[in-house]
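*Asks:* Here you go, sequence then predicted model.
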Amino acid sequence: MAAGQFLDLEGGPNAVGFIQDKKYGEMGECSAVCGGLLAGAEDDEIERLRRYGRAVGVLYAVVDDILEERLKAKGGNDGKKKGKSYVEVYGVEKAQEVAEELREKAKQELDGFEKYGERVVPLYSFVDYVIDRSFTIDETRG
């Protein structure tokens, strides 16, 4: 996480993917893996949770950046945000594409947990919550 923070403040715009992965992906990964370890998950399940957590962590950050850009466009932000984001580097439309890809990736990782039935629903629901906090991808494109 420290490397991501350093590059966020000092690195060039080409590092945005690395920055988001290090700052937010690793936080999500840690949370998901710790839950799996406490629940007694098997090694292959831990790897799925690792990838799920990274995708959800970065997804949360990308959606935050999109929401902040919309707020700024409406005059509701003072523009003092520091750091690099997908929106800043690639624009809102590309950030929305990245968000959709991350949503799909996270859900695909959860598809390996069928044997747990309904107990996996909160993890799927969290992915939807992260992306649908104040908008949906379809509403923003049309």
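*Replies:* Structure's in. What do you need?
*Asks:* isn't Gly36 right up against Leu49?
*Replies:* Yes. Under the criterion of Cβ atoms under 8 Å, Gly36 makes contact with Leu49 at 4.3 Å. Bear in mind the C-beta positions are built from the backbone N, C-alpha and C, glycine included.
*Asks:* in stretch 112-121, what counts as buried?
*Replies:* Neighbour counts over stretch 112-121 (16 or more other Cβ atoms under 10 Å) mark Gly112, Phe113 as buried.
*Asks:* sorry, back to before: who's more crowded, Gly36 and Leu49?
*Replies:* In this view Gly36 and Leu49 are compared by other Cβ atoms under 10 Å, and Leu49 has more residues nearby, 26 against 21.
*Asks:* contacting residues around that one?
*Replies:* Neighbouring residues of Leu49 by Cβ atoms under 8 Å, 6 or more residues apart in numbering: Glu29, Ala32, Val33, Gly35, Gly36, Ala41, Glu109.
*Asks:* Look up the closest residue to Asp44, ignoring the ones flanking it.
*Replies:* Gly112 (7.5 Å; Cβ to Cβ, 6 or more residues apart in numbering).
*Asks:* thought that neighbour was touching Glu47?
*Replies:* No. With contact defined as Cβ under 8 Å, Gly112 does not reach Glu47; the gap is 9.3 Å.
*Asks:* before we move on, the earlier item: got the contact list for the residue nearest to Asp44?
*Replies:* Gly112 makes contact with Asp44, Glu45, Arg48, according to Cβ under 8 Å, 6+ apart.
*Asks:* I am finished for the moment; much appreciated.
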